[in-house]
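Asker: build me a model:
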Amino acid sequence: MASGRRAIVESIFRRFPIPNRVSRFKSYPLRFSRENASNMEPDAASRMDDLIPILIGTGLVITFIAAYAAIAAWVASDAQKRGYSGRVPVLWLCSGGPLCALIWLAIRPSTRLAERPVDDYANADDAMDAAAKLDMLGDWDEAIVLYQYTAARWPEHEGYANQCIKAINNKRGGE
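Answerer: Here you go, the predicted model:
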């Protein structure tokens, strides 16, 4: 009976042979020698073929990070020039991506802080704040004009405004 089962199994294996999985892989000799080692190592061309996608991918990542940083720097400096803190637009940029830079272009104030007429300031605090921001941005001529306007319109702030004008002149080189 055992021989009958064996015959059936052998006939099945003859009809449906099991592929030899070992033959699909390249076999390497078991002994190590210089000739065998040179056959096993890939040549310079195949190593370069493996390296090119890595270099391209790294270059793209570095380019993306540099472009993202440049957009963030532009958005922050543009917000500061328009009298706003640069933090909020940069946080928008970090959370929403470069699309937020386009949103900033749409909603930003139309005039820069330096272009704003001095008559637009309703109180001394706003004028002094704007003059301090202009001073930090390096727009010293506009800051001095705004400090002088503040001192003339609101005399109680004249002493502080004159000290700020002296500080700006010291920064310029003692004019």
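Asker: helices or strands up against the longest helix along the chain?
Answerer: If you go by DSSP state H, the chain has its longest helix at helix 44-81. Helices and strands touching helix 44-81, by 3 or more Cβ pairs under 8 Å, 6 or more residues apart in numbering; DSSP states H and E, are helix 87-96, helix 99-107, helix 124-137. Placement of C-beta: from N, CA and C, glycine included.
Asker: try it again with 6 Å
Answerer: Counting contacts by 3 or more Cβ pairs under 6 Å, 6 or more residues apart in numbering; DSSP states H and E, helix 44-81 packs against helix 87-96, helix 99-107.
Asker: closest one to residue 160 among the ones you listed?
Answerer: For residue 160, the closest of those is helix 87-96, at 26.5 Å, according to Cβ to Cβ.
Asker: just how off-centre is the closest one within its chain?
Answerer: 11 Å (Cα atoms, centre = their mean, to the nearest Å).
Asker: now do the buried residues in that helix.
Answerer: The neighbour-count check on helix 87-96 (16 or more other Cβ atoms under 10 Å) flags 89, 90, 92, 93 as buried.
Asker: closest to residue 162 among the residues you listed?
Answerer: Ranked by distance to residue 162 (Cβ to Cβ), the buried residues of helix 87-96 are led by residue 89 at 34.2 Å.
Asker: give me the below-cutoff pLDDT ranges for this protein.
Answerer: For the chain, the stretches flagged by pLDDT under 70 are 1-3, 9, 12-48, 174-175.
Asker: return the residues in contact with residue 62.
Answerer: Not one residue lies near residue 62 by Cβ atoms under 6 Å, 6 or more residues apart in numbering.
Asker: any idea how far it is from residue 97?
Answerer: Distance, residue 62 to residue 97, using Cβ to Cβ, to the nearest Å: 18 Å.
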